[in-house]
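Student: I'll drop the sequence and a predicted model, then ask my questions.
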Amino acid sequence: MKSLFIVLDGGDGAGTTTHSRLLKGFLESKGLKVYLTQEPSQSKIGILIREFLKKKEIPPTTDALLFAADRDLHYKNEIKNKLEDGYIVISDRYLESSIVYQSVHSDKITIDWVKEINKFVGLPDITIILDIEPEIALARKGDEDLEKFEDPQILNKVRKLYLLRAKQEGYPTISSDDIIELVQEKIQKIIIEKLKTRS
């Protein structure tokens, strides 16, 4: 079995973290070597980003550059090494999060610029977009957990751009409004088909 780089992405509250963990367990039950990671990463840059996500005074351009720096480190020091060791790597969020959130958050930030500052990182073998209604997403989170991007108006723009990007790039899109078991079953089916073409 060749290595595979999988990304689960989507708007806040879509369940990327939950489904990344469930997918890891499913693949491991099949005897596969699986490495689960996330963005922001656990690096010092990633920790700084998590702090900044609560602060509205941080400029969107600063956010974008920090995410790019964190991703560069994350890919080269972590993801790439695991792929070379034959692991299936699952990342809870990756490049699409930056493309969508940063470009939506500021008219000065273009998709092309976000791609440019991230041009040195490896691309996933498959990206699955989890789609969710912003109202449902916000209802899943407590007020104390909300970050600066988690505003209904912003999340509606985020959702529209994720769906547009999925259509343009050919990413599978799954509604995560449904019960967890059914959503996970759909994700597993897509990954199984992808693995069949890689083995």
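Tutor: Perfect, thanks for sending it. What you are looking at is a predicted structure, and each value in this text was computed from that prediction instead of being measured.
Student: number of nearby residues for residue 107?
Tutor: Residue 107 is flanked by 8 other residues according to other Cβ atoms under 10 Å. Using the backbone N, CA and C atoms, a C-beta is placed for each residue, glycine as well.
Student: so when I look at it, I'm seeing a strand, right?
Tutor: No: counting by DSSP: H, G, I helix; E, B strand; the rest coil, residue 107 is not part of a strand but coil.
Student: tell me the contacts of residue 165?
Tutor: Contact analysis of residue 165 by Cβ atoms under 8 Å, 6 or more residues apart in numbering lists 96, 99-100, 129, 171.
Student: flag every buried residue along the strand or helix carrying it.
Tutor: Using DSSP states H and E, the element containing residue 165 is helix 152-169. By neighbour count with 16 or more other Cβ atoms under 10 Å, helix 152-169 contains the buried residues 154-155, 157-159, 161-163, 165-166.
Student: helices and strands around whatever helix or strand comes next after it, which ones?
Tutor: Note on helix 152-169: by DSSP H and E, the next helix or strand toward the C-terminus is strand 173-175. Applying 3 or more Cβ pairs under 8 Å, 6 or more residues apart in numbering; DSSP states H and E, one finds that strand 173-175 contacts strand 126-131, helix 180-198.
Student: buried stuff in strand 173-175?
Tutor: So, applying 16+ other Cβ under 10 Å, buried residues of strand 173-175: residue 174.
Student: given that strand, what are its sheet partners and their directions?
Tutor: Its sheet considered, strand 173-175 pairs with strand 126-131 (parallel) by DSSP bridges.
Student: tell me the mean pLDDT for the strand it pairs with?
Tutor: The average pLDDT within strand 126-131 is 98.
Student: chain center to the following helix or strand past it: distance?
Tutor: Next along the chain after strand 126-131, taking DSSP H and E as the criterion, comes helix 134-139. Averaging C-alpha positions (Cα atoms, centre = their mean, to the nearest Å) puts helix 134-139 18 Å from its chain's average.
Student: what is helix 134-139 packed up against?
Tutor: Counting by 3+ Cβ pairs under 8 Å, 6+ apart, helix 134-139 packs on helix 152-169.
Student: starting at the chain centroid, how far to the helix it packs on?
Tutor: Using Cα atoms, centre = their mean, the offset of helix 152-169 from its chain centre is 13 Å.
Student: quick check: the spatially most central residue of the chain vs residue 192, distance?
Tutor: Nearest to the mean C-alpha position of the chain, by Cα atoms, centre = their mean, lies residue 93 at 1.5 Å. According to Cβ to Cβ, to the nearest Å, residue 93 and residue 192 sit 22 Å apart.
Student: make sure residue 130 is actually in contact with residue 9.
Tutor: Yes: with contacts counted by Cβ atoms under 8 Å, residue 130 reaches residue 9, the gap being 7.2 Å.
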